[in-house]
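**Q** Sequence and predicted structure are below.
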Amino acid sequence: MSCRCPALRGRTRCARHGGKSPGAPKGERNGNYRHGGETNEAVELRRQVSRALKIVRDAHAC
Ligand SMILES: [Zn+2]
């Protein structure tokens, strides 16, 4: 649950949290697939990205 925004009509989420899209992409495009290259650099990059996403989520207000 990312926020308490009212969902769009016919959707389960608000527009900023995917309400406008039909659903999360599957497979590689969901960003969680394993590619085997688990370098420290990749781990650190992912950490920074998830931190940034959390900040965006926390600041989100519809
Ligand atoms: Zn929202």
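**A** That came through, no problem.

**Q** any idea how far V43 is from V49?
**A** 11 Å (Cβ to Cβ, to the nearest Å). To be clear about C-beta, it is placed using only N, CA and C from the backbone, and glycine gets the same treatment.

**Q** what's the answer for A7, then?
**A** For A7, the distance to V49 (Cβ to Cβ) stands at 26 Å.

**Q** How about the residues of this protein by the ion?
**A** With Cβ under 5 Å from the ion as the criterion, the chain comes near the ion at residues C3, C5, C14, R16, H17, C62.

**Q** Which members of these are classed as buried?
**A** C14, H17 (16 or more other Cβ atoms under 10 Å).

**Q** Mind telling me the two of the residues of the chain next to the ion farthest from one another?
**A** Using Cβ to Cβ, the pair of those lying farthest apart is H17 and C62, separated by 8.6 Å.

**Q** Common neighbours of these two, please.
**A** Counting by Cβ atoms under 8 Å, 6 or more residues apart in numbering, the contacts common to H17 and C62 are C3, C5.

**Q** What are the boundaries of the strands in the chain?
**A** Counting by DSSP state E, one finds no strands in the chain.

**Q** just curious, which of the residues of the chain next to the ion is nearest to K54?
**A** Using Cβ to Cβ, C3 is the member of those that lies nearest K54, at 12.6 Å.

**Q** Check the gap between that closest one and H60 for me.
**A** To H60, C3 is 5 Å away according to Cβ to Cβ.

**Q** And R13, by the same measure?
**A** As for R13, its distance to H60 is 12 Å (criterion: Cβ to Cβ).

**Q** These two: which is more packed in?
**A** R13 (17 against 13; other Cβ atoms under 10 Å).
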